[in-house]
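**Student:** The following block contains a protein sequence and its predicted model.
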Amino acid sequence: MIDLIIFLSLLALGYGFGRHAENRHYASIIKREKKLRKLPAIAARTPTELSKPNDSCLVVGSVVISVDYFKRFISVLRNLVGGRVTSYESLVDRARREAVLRMKEQAQAMGADLIFNTKFETAGIHQGNGNQIGSVEVLAYGTAIIPAQQN
Amino acid sequence: MEYSNPEIPEGINTSKGHPLKEFIWLTSGVLASIFAVILLLVVFVDALTSYIPFSVEKEIPLPEFEVGITEGPLPEYLQSLADRIIEVEGLPDEMDITVHYVGDGTVNAFATLAGHVFLFRGLLEKLPNENALVMLMAHEIAHVKHRHPIKSLGRGLIAGLALSVISTTAGDAVISNFLGEAGYLTILKYSREMESEADETAIKALQSIYGHLAGAEDLFKAFQDEKVGLEPPEFFSTHPLTDDRIAEMRNAAEKYAQDNKVTPLPSEFKTWLLTDEK
């Protein structure tokens, strides 16, 4: 009986905080993406024809986002029956977009006007026991094109 | 090469649908399958355990057999009651009942494998007359008659096995615990059916020994006095709720109501309880 109460409280906590954090994060992502729309990050391996002299620099953005108890519970049940793990979809979506944003913020601070060869790395951060992924890391990196300073 | 930077619509990489809806569907689906699987296993196990000869039960060693005493005036008196009950309940010849008296204040009594029945001082002290005592013993002996101890063992084993497989798949300790409890509750439901079956047999035995059912209610009252604090909801408890059992008992008593004179316990009974303490 006490186990059930602990379990339900964990679920409720996970759902409440997780949902709140996710909504807030999405709001922040959408706002910052609008602001950084003028700085494109493209996947092409070589930049489009450059008309003026440029500097280039590696830019990196990385983020680690943790799963909440509610999402984990849904994913565990999904393990039993199969199907889309929808509870993790929004988690990795947020991580990818946040990583790109951080990369772009770094590029913007350098005065870049384009990032090309954008790539992603992801890693599950395990909690040591079992095969449960506790948090997910997404690393976005690319080459920023910085117009040369006109002296 | 032309490069354009269109605004990407929101939500293309995530699923719509409310997470709570998915939660309800998944949880109810998984729990329903666990119930179904365990119920099926229990049905199979019950069908198979009735083919286990009683003599095999006797070969299963259980350490708790050393706890009770079987000799002295009180165990002998209890054994003589048991012999009368065995006769009216019609136990097969190979089913011997051994009554053990445990000099412990716990309000409890149980029947286990190979016809060993354990009666605790704490419960015996609360019984006001012989009829209640016979009701108690008839209930425990009925468990043996219906092969309940071996069935419970079989159910426990098979359900434990099934649940450990599910838990291993789940991986998370708390979640597998939750799924385990769900399966365990299924077993409990079945245990309550065993209790009702034993009650029914015991009532019949009481009726044939004394010709009436007076005093049987006192047994459940003894249990009722004992309950402390919160009583768990019926779903969580092995025994049907005491109140329900008293009500059932009253119905049965009214049905057979004749001469309601209870038989007193032997006058030495209280002294035995005090002196036979180990």
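**Tutor:** Sure, I can see it. Numbering: from 1, shown residues only, chains lettered A, B, ... in the order given.

**Student:** And stretch A:36-50, what's buried?
**Tutor:** Within stretch A:36-50, the residues scored as buried using 16 or more other Cβ atoms under 10 Å in any protein chain shown are A:36, A:39, A:41, A:47. Glycine gets a C-beta too; all of them are placed from N, C-alpha and C.

**Student:** Same question for stretch B:142-161.
**Tutor:** B:142-155, B:158-159.

**Student:** Now that stretch: average pLDDT?
**Tutor:** Across stretch B:142-161, the average pLDDT comes to 86.

**Student:** ok, and what's touching it?
**Tutor:** B:38, B:41-42, B:44-46, B:48-50, B:52, B:54, B:57, B:89-91, B:95, B:97, B:111-113, B:115, B:117, B:183-184, B:186-187, B:190-191, B:194, B:197-202, B:205 (Cβ atoms under 8 Å, 6 or more residues apart in numbering or on different chains).

**Student:** Check stretch A:2-15 too.
**Tutor:** With Cβ under 8 Å, 6+ apart, stretch A:2-15 has contacts from A:68-73, B:19-20, B:174-175, B:177-178, B:181.

**Student:** picking that back up, now which of the contacts of stretch B:142-161 would you call buried?
**Tutor:** Buried among those by 16+ other Cβ under 10 Å: B:38, B:41-42, B:45, B:49, B:54, B:57, B:89, B:91, B:95, B:97, B:111-113, B:115, B:117, B:183, B:186-187, B:190-191, B:194, B:198-199, B:201-202, B:205.

**Student:** Tell me where the longest strand sits in chain A.
**Tutor:** When chain A is parsed with DSSP state E, its longest strand is strand A:133-147.

**Student:** what residues are up against the residue nearest in space to the middle of chain A?
**Tutor:** By Cα atoms, centre = their mean, chain A has its centre lying nearest to A:Ala95, at 1.7 Å. With contact set as Cβ under 8 Å, 6+ apart, A:Ala95 has these partners: A:63-65, A:122, A:136-138.

**Student:** min pLDDT across those, which one?
**Tutor:** Lowest model confidence among the contacts of A:Ala95 falls on A:Val136, which carries 88.

**Student:** Report the beta-bridge partners for that residue.
**Tutor:** A:Ile65, A:Gly124 (DSSP bridges).

**Student:** Give me the distance between it and A:Val67.
**Tutor:** Remark: distance between A:Val136 and A:Val67 (Cβ to Cβ, to the nearest Å) = 7 Å.

**Student:** where do the contact lists of these two overlap?
**Tutor:** A:88, A:91.

**Student:** show me where chain B has helices.
**Tutor:** B:19-49, B:54-58, B:73-89, B:121-124, B:130-145, B:148-170, B:173-210, B:216-226, B:242-256, B:269-275 (DSSP state H).

**Student:** looking at these, which is buried most?
**Tutor:** helix B:130-145 (a mean of 25; mean count of other Cβ atoms under 10 Å in any protein chain shown).

**Student:** Can I get that one as CSV, trimmed to CA atoms?
**Tutor:** Provided in CSV are the C-alpha atoms of helix B:130-145 (Å, rounded to 0.1, in the frame of the first residue of the first chain):
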residue,chain,number,x,y,z
GLU,B,130,-16.1,-24.7,22.2
ASN,B,131,-18.3,-23.9,19.2
ALA,B,132,-16.1,-21.0,18.2
LEU,B,133,-13.0,-23.2,18.6
VAL,B,134,-14.6,-25.9,16.5
MET,B,135,-15.5,-23.3,13.9
LEU,B,136,-11.9,-22.2,13.8
MET,B,137,-10.5,-25.7,13.5
ALA,B,138,-13.1,-26.7,11.0
HIS,B,139,-12.1,-23.8,8.9
GLU,B,140,-8.4,-24.6,9.0
ILE,B,141,-9.0,-28.4,8.4
ALA,B,142,-11.3,-27.4,5.5
HIS,B,143,-8.3,-25.7,4.0
VAL,B,144,-6.4,-28.9,4.1
LYS,B,145,-9.4,-30.8,2.8
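
**Student:** Now do that helix: distance to the chain's middle.
**Tutor:** Relative to the mean C-alpha coordinate of its chain, helix B:130-145 is positioned 14 Å out (Cα atoms, centre = their mean, to the nearest Å).

**Student:** What residues sit buried inside the strand or helix carrying A:Asn23?
**Tutor:** For A:Asn23, the enclosing helix or strand under DSSP states H and E is helix A:2-35. Neighbour counts over helix A:2-35 (16+ other Cβ under 10 Å) mark A:7, A:10-11, A:14-15, A:18, A:22, A:25-26, A:29, A:32-33 as buried.

**Student:** With distance to A:Glu89 added, can I get those in CSV?
**Tutor:** Below are the buried residues of helix A:2-35 laid out as CSV (distance: Cβ to Cβ, whole Å):
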residue, distance to A:Glu89
A:Phe7, 24
A:Leu10, 22
A:Leu11, 19
A:Gly14, 17
A:Tyr15, 16
A:Gly18, 14
A:Glu22, 11
A:His25, 14
A:Tyr26, 13
A:Ile29, 15
A:Arg32, 21
A:Glu33, 18
